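A.B. asks: Build me a model:
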Amino acid sequence: MNSVAWKAAAMFIGLCAALPQAQAGPTTDRIRQTGRIVIAYRESSVPLSYVDARGQPVGYAIDLCVRIAEAVKQKLAMKSLEVSYRLATTGTRIPLIVDEQADLECGSTTNNAERRKQVAFTIPHYISGARYLVRADSTISELADFATKKLASTRGTTPLAAIQKANKDRYLGIDIVDASEHEAAVEMLARREIDGFAMDDVLLFGLRSKQRNPQDFKVVGKFLTVEPLAIMMSKNDPDFKLIVDDEMRRLIVSREAYDIYDKWFRKPIPPNNIALDMPMNYLTRDFWKFPTDQVPN
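C.D. replies: Model prediction:
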């Protein structure tokens with residue numbers, strides 16, 4: 001190779017070195033560099049993701065994410081990996097992932113087309129649907145029964161959007177209240193400021209179990225929506241997503257995920273040591289026969 005060719009080759013190598021490496025994703029790079037993976041959790045999404053009496057994040061989605069963190073450590077050949085937690089709300093959960101302040105959002109977030117414009121999701125860990133929490137003495141059983149009454153849902157959630165649309169399309173005349181968080185809506189219901197709270201049924205059963213007198217409330221109605229709840233992550237790191245997807249699939253196929261489900265849905269859980277006694281519904285059970293991150297919109 002002559003001197004001109006050597007110089008051209010050196011320039012090409014220098015340019016390549018200056019370019020970002022395609023296979024070096026931002027999430028995997030950050031985890032390698034910091035030795036830490038950050039899990040975003042929810043404060044009151046019982047039994048999926050919430051805080052116990054000690055203020056520690058616990059729940060079904062948290063247990064799954066801890067398994068995923070271990071898989072990340074193994075795949076990246078790291079000797080150790082610190083797991084740290086960051087509180088998320090309905091309003092901050094997507095920005096936390098987009099702004100790279102958390103690597104996984106382990107809560108009760110629905111995988112839908114609108115959110116996939118900003119973030120990525122793995123295989124759903126629960127398929128839920130919106131129903132209604134009402135007081136035990138209420139005669140309400142369906143959405144239409146809320147006509148001229150007050151029905152709350154949590155700001156920034158798919159159930160809120162669903163009841164707003166149904167109310168408009170069906171001219172129901174419901175007075176819809178948007179609550180800042182799930183717990184706030186339940187408190188309003190307990191004080192009789194509203195007549196019901198619309199949210200994913202799994203969260204309603206969990207919130208009911210946390211109340212001092214759970215028997216004062218009941219969950220009613222057919223599914224208004226179908227909600228594939230899944231762990232959320234950045235859409236800019238396909239290598240990281242592959243690790244997460246592979247581990248979720250392994251947990252399901254090995255049936256380890258079923259054991260984790262039973263721990264949180266069928267056995268006594270903190271803080272009140274009450275069992276939700278919720279067998280896995282047919283939507284989740286059937287979806288897990290062929291686990292995929294592709295969900296209907």
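A.B. asks: domain assignment for the chain?
C.D. replies: Using automatic domain parsing, the domain parsing of the chain gives 24-127+228-287, 130-225.
A.B. asks: All the helices of this structure, in order from the start?
C.D. replies: 3-18, 26-34, 60-75, 93-98, 158-169, 182-190, 201-210, 238-253, 256-265, 282-287 (DSSP state H).
A.B. asks: Single out the most deeply packed of the ones you listed.
C.D. replies: Highest mean neighbour count of these: helix 201-210, a mean of 24 (counted as mean count of other CB atoms under 10 Å). Glycine gets a C-beta too; all of them are placed from N, C-alpha and C.
A.B. asks: could you say what helices and strands that one packs with?
C.D. replies: strand 44-45, strand 126-128, strand 130-135, helix 182-190, strand 217-220 (3 or more CB pairs under 8 Å, 6 or more residues apart in numbering; DSSP states H and E).
A.B. asks: at 7 Å what do you get?
C.D. replies: Packed against helix 201-210, as judged by 3 or more CB pairs under 7 Å, 6 or more residues apart in numbering; DSSP states H and E, are the following elements: strand 126-128, strand 130-135, helix 182-190, strand 217-220.
A.B. asks: and of the ones you listed, who's closest to residue 156?
C.D. replies: Residue 156 sits nearest to helix 182-190 of all the helices and strands packed on helix 201-210, at 11.6 Å, using CB to CB.
A.B. asks: coming back round to it: make JSON lines from the domains of the chain and add distance to residue 297 and mean pLDDT to it.
C.D. replies: Putting the domains of the chain into JSON lines (distance: least, CB to CB, whole Å; pLDDT from 0 to 100) gives the following:
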{"stretch": "domain 24-127+228-287", "distance to residue 297": "5", "mean pLDDT": "96"}
{"stretch": "domain 130-225", "distance to residue 297": "11", "mean pLDDT": "95"}
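A.B. asks: Please tabulate those in CSV, including the columns distance to residue 295.
C.D. replies: Output for the domains of the chain, formatted as CSV (distance: least, CB to CB, whole Å):
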stretch, distance to residue 295
domain 24-127+228-287, 4
domain 130-225, 12
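A.B. asks: Residue 123 is in contact with residue 295, correct?
C.D. replies: No - proximity of residue 295 to residue 123 does not meet the contact threshold set by CB atoms under 7 Å, at 9.1 Å.
A.B. asks: Tabulate the helices of the chain (a markdown table), appending distance to residue 87.
C.D. replies: Output for those, formatted as a markdown table (distance: least, CB to CB, whole Å):
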| stretch | distance to residue 87 |
| --- | --- |
| helix 3-18 | 39 |
| helix 26-34 | 19 |
| helix 60-75 | 12 |
| helix 93-98 | 9 |
| helix 158-169 | 21 |
| helix 182-190 | 13 |
| helix 201-210 | 17 |
| helix 238-253 | 21 |
| helix 256-265 | 20 |
| helix 282-287 | 26 |
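A.B. asks: so which of the ones you listed comes closest to residue 41?
C.D. replies: Here helix 60-75 is closest among the helices of the chain (CB to CB), at 6.1 Å.
A.B. asks: how many degrees apart are that closest one and helix 201-210 in direction?
C.D. replies: Counting by axes from the mean of the first three to the mean of the last three CA atoms, to 10 degrees, helix 60-75 lies at 120 degrees to helix 201-210.
A.B. asks: Residues contacting helix 60-75, please?
C.D. replies: The contact list for helix 60-75 (CB atoms under 7 Å, 6 or more residues apart in numbering) reads 31, 37, 39, 41, 47-49, 81, 83, 104, 106-107, 125, 231, 243-244, 247, 251, 257, 260-261, 264.
A.B. asks: picking that back up, what's the closest of the helices of the chain to residue 129?
C.D. replies: Nearest of those (CB to CB): helix 201-210, 5.9 Å.
A.B. asks: could I get that closest one in PDB with only the CA atoms?
C.D. replies: What follows is helix 201-210, C-alpha atoms only, in PDB (Å, rounded to 0.1, in the frame of the first residue of the first chain):
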ATOM      1  CA  ASP A 201     -59.600  -3.900  37.900                       C
ATOM      2  CA  VAL A 202     -56.300  -5.300  39.400                       C
ATOM      3  CA  LEU A 203     -55.500  -1.900  40.800                       C
ATOM      4  CA  LEU A 204     -59.000  -1.500  42.200                       C
ATOM      5  CA  PHE A 205     -58.800  -4.800  44.100                       C
ATOM      6  CA  GLY A 206     -55.300  -3.900  45.400                       C
ATOM      7  CA  LEU A 207     -56.400  -0.400  46.500                       C
ATOM      8  CA  ARG A 208     -59.500  -2.000  48.200                       C
ATOM      9  CA  SER A 209     -57.300  -4.400  50.200                       C
ATOM     10  CA  LYS A 210     -55.300  -1.400  51.600                       C
END
